[in-house]
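In: quick one, fold the following:
(one chain, ligands or ions: 2)
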Amino acid sequence: MKLLGAAAPAFAFGTRASAFELKGFKTPGTVDRYIDPLPIPKRLVPVANHAKATQYRVRMMEFERQMHSQLPPTRLWGYEGQCPGPVIEAFRGKTVEVRWENRLPKQHLFKVDTKIHGAMAPAPAVRAVPHVHGARTYSGSDGLPEDWLVPGQSADYEYPNEQRAAGLWYHDHAMGITRLNVYAGLTGFYLLRDDEELALKLPAGEFEVPLLLQDRTLADDGRLMYVPTLEDGTKLPPGVWGPECFGELPVVNGAIFPRMDVEPGQYRFRVVNGANARFFHLYLNLAAHPTDVPNLVRFHQIGSDGGLLSKPVAMEKLLLGPGERADLIVDFTGLAGKTVTLSNSASVPFPGWDMMVALHAPLSELMQFRVGLPSTRKGQEYSFPAQPPVARLEAAKAVLSRDFVLTERVDDTGRSLGVRINDKGYDDPVTETPTLGTMERWRFINMTDDAHPMHLHLVQFQVLERQGFDYGAFLHGGELELVGTPRPPAEHEAGWKDTAVVTPKEVLTMLVPFDGYTGRYVFHCHMLEHEDNDMMRPFQVVAAK
Ligand code: C2O
Ligand code: CU
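Out: Ligands and ions are numbered 1, 2, ... in the order given. Have a look, this model is predicted:
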């Protein structure tokens, strides 16, 4: 049951003239769009580079920066004082070692809800632990939620990079406050390369652009506001956990409504949905206004979370849940003089119900590309190999099947008390102990009205299928009855994934090879409000007997 009731509109910016306006600043709701250039995160410079390993040092720091040139500076947290953090570029087979240092202040940017699991006393408010999302590494370097560091502490993590080239990303993962730490700005790109990818001659250098898509709410004085909501849009006071947090403004690479000047040629975009809870249904629009008849620019998706697809997939729209990535080629050839708006049609919450969706403001536009630069490239074209790089896994080879029922607990007014996997919390004993070197079939059974992007650490999996089930019968204790025809993944989802969306009242089945290392890892919903309370469970990979 969902709560119905009076709701505050999501857009509620101040209207009276404030001291900030008098200083020449605007309010967040009135800033001019597409006047600031898209920030491009820089490559991180190693502190040492040996034959065996490249070493980096990354400090988590508080800093101030204008997120829009018409707004006062915003206090943020970021890796090396940047948001997104610097790009860590890695090569397959060459180890990366990072000394992660917590240099954050003793006080959190936001009020912490100390009633939820993992954030209770005596846990200090400021704790952080970095996780490289999509990386296959040792349990001790994975950034488990309980492995947090307090200010002044550091940890040395090692990433063997024994996996295919892929667009990975790093972000905070501290127990019970991941949503606050990531919202404060603790995110960055980790681009893993290999010879297979380099051989394709994809657009590189300034023509390869990382895009971190987020949403943020700012106060008139530029302060970053974390405002969670109930499903009906009711805003919750600071320090109270809510099932979702949607920002009122689009933020790409740390900038509000940025724009990028591009050449009429091919670009490669490494897209991450780094929002806490917002899904993005992306399209490229030539029309001047979101209400005009859309005039779509087709693009190609060449890679998913875990690396290249078997072949480029031509698309007009792309859905990305929180945590998912896409490797895209956009060809601006022939569009000289035109403006292309990166637009979004995903409702909030996603997929939403008519009543609820109307209560949240959509973010229909994120950024713009102006095709205005002279072309400096002649006839550069990437080409995919004849041999598809992704072989489909065979379901019959799964040694074990596991079911995970996703539920939401509500109080008698319908207000969410948290979400769970198999009605267990993170601290309940480990129930999943896959054997290293085997493949399992995992089914996520969604009993809620929200779509959940489910993410597993350590592994890259393949989506086998999605299918409906008899919700009523299952709710009342019956067996799981699948109904309708199973739907195999669309072409762009048929490669390697580490995060996949389970739609409401459906079953998502994935095939998961447990390769790499033994030890403790986690899996969870990547809506960070869900992950924190308490849709996350550990699993323990054990050695074959
Ligand atoms: Cu991107 Cu466990 O997280
Ligand atoms: Cu969720």
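In: okay, now Ala473: neighbour count?
Out: A total of 13 residues lie near Ala473 under the criterion other Cβ atoms under 10 Å. The C-beta positions use only the backbone N, C-alpha and C, and glycine is treated the same way.
In: pull out the buried residues from the helix or strand it falls within.
Out: Ala473 belongs to helix 471-475 when assigned by DSSP states H and E. Using 16 or more other Cβ atoms under 10 Å as the test for burial, helix 471-475 gives 471, 474.
In: what's the spacing between the residue nearest to Tyr56 when sequence neighbours are not counted and Val45?
Out: Counting by Cβ to Cβ, 6 or more residues apart in numbering, Tyr56 lies nearest to Val98, which is 4.8 Å off, once chain neighbours are set aside. Going from Val98 to Val45 by Cβ to Cβ, to the nearest Å gives 13 Å.
In: so who does Gly242 touch?
Out: 228-230, 236, 416, 529 (Cβ atoms under 8 Å, 6 or more residues apart in numbering).
In: just the closest of the residues you listed to Phe461, please.
Out: The shortest approach to Phe461 among the contacts of Gly242 belongs to Glu529, at 23.7 Å (Cβ to Cβ).
In: per-residue confidence for that closest one?
Out: Listed pLDDT for Glu529 reads 98.
In: tell me the contacts of Arg466?
Out: Each residue near Arg466 by Cβ under 8 Å, 6+ apart is listed here: 486-487, 489, 502-503, 506-509.
In: nope, Met175 is what I was after
Out: By Cβ under 8 Å, 6+ apart, the residues touching Met175 are 117-119, 123, 127, 145-146, 148, 426.
In: ok, Gly140 next?
Out: Gly140 makes contact with 147, 157, 519 under the criterion Cβ under 8 Å, 6+ apart.
In: over to it: give its phi and psi.
Out: Main-chain dihedrals, Gly140, degrees, to the nearest 10: phi -70, psi -10.
In: and the residue in the stretch 251-400 of the chain that ligand 2 sits nearest to, what element?
Out: Relative to ligand 2, the nearest point of the stretch 251-400 of the chain is Ala277 (8.1 Å; Cβ to the ion). According to DSSP H and E, Ala277 maps onto no helix or strand at all.
In: hang on, it packs against Met527?
Out: Yes - counting by Cβ atoms under 8 Å, Ala277 touches Met527, with 4.5 Å between them.
In: tell me which parts of the stretch 401-545 of the chain are close to ligand 1?
Out: Taking Cβ under 6 Å from any ligand atom as the contact definition, the stretch 401-545 of the chain meets ligand 1 at 455, 457, 522, 524, 526.
In: rebuild those as a markdown table, extending it with neighbour count and pLDDT.
Out: Shown next, in a markdown table, are those (neighbours: other Cβ atoms under 10 Å; pLDDT from 0 to 100):
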| residue | neighbour count | pLDDT |
| --- | --- | --- |
| His455 | 23 | 98 |
| His457 | 24 | 98 |
| Val522 | 22 | 98 |
| His524 | 27 | 98 |
| His526 | 27 | 98 |
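In: from the residues you listed, which land in strands?
Out: 455, 522, 524 (DSSP state E).
In: tell me how many other residues surround the spatially closest residue to the first one that is not a sequence neighbour.
Out: Right, the one you point to is His455. Leaving aside its sequence neighbours, His455 sits nearest to Thr499 (Cβ to Cβ, 6+ apart; 4.2 Å). Using other Cβ under 10 Å, Thr499 has 24 other residues around it.
In: likewise Glu80?
Out: Around Glu80 there are 20 other residues, counting by other Cβ under 10 Å.
In: leaving out the residues flanking it, which one is nearest to it?
Out: Nearest non-adjacent residue to Glu80 (Cβ to Cβ, 6+ apart): Pro86, at 5.3 Å.
In: is it true that that neighbour touches Gly188?
Out: Yes - counting by Cβ under 8 Å, Pro86 does reach Gly188; the two are 6.4 Å apart.
In: anything in the helix or strand hosting Leu511 near ligand 2?
Out: Following DSSP H and E, one finds Leu511 within strand 506-513. No - figure legend: strand 506-513 not in contact with ligand 2 (Cβ under 5 Å from the ion); closest approach 12.3 Å.
In: and the contacts of that strand?
Out: With Cβ under 8 Å, 6+ apart, strand 506-513 has contacts from 393, 395, 398, 434, 438-446, 454, 456, 459-469, 480, 482, 486, 497, 500-502.
In: ok, and which of the residues you listed reach ligand 2?
Out: The subset of these within reach of ligand 2, by Cβ under 5 Å from the ion, is empty.
In: could you flag which of these are buried?
Out: Listed as buried from the contacts of strand 506-513 are 393, 398, 434, 438-446, 454, 456, 459-469, 482, 497, 500-502; burial here means 16+ other Cβ under 10 Å.
In: now the common contact residues for Pro86 and Gly188.
Out: In contact with both Pro86 and Gly188: 41, 79, using Cβ under 8 Å, 6+ apart.
In: relative to strand 506-513, how tilted is the next helix or strand after the helix holding Ala473?
Out: The C-terminal neighbour of helix 471-475 among helices and strands, as given by DSSP H and E, is strand 482-487. Interaxial angle, strand 482-487 versus strand 506-513 (axes from the mean of the first three to the mean of the last three Cα atoms, to 10 degrees): 50 degrees.
In: for ligand 1, what is the nearest residue in the stretch 201-350 of the chain?
Out: Gly323 (4.9 Å; Cβ to the nearest ligand atom).
In: just give me the neighbour total for that residue.
Out: 27.
In: ok, the nearest residue to it once chain neighbours are set aside to Val209 distance?
Out: Nearest residue to Gly323, sequence neighbours excluded (Cβ to Cβ, 6+ apart): His526, at 3.2 Å. According to Cβ to Cβ, His526 stands 23 Å off from Val209.
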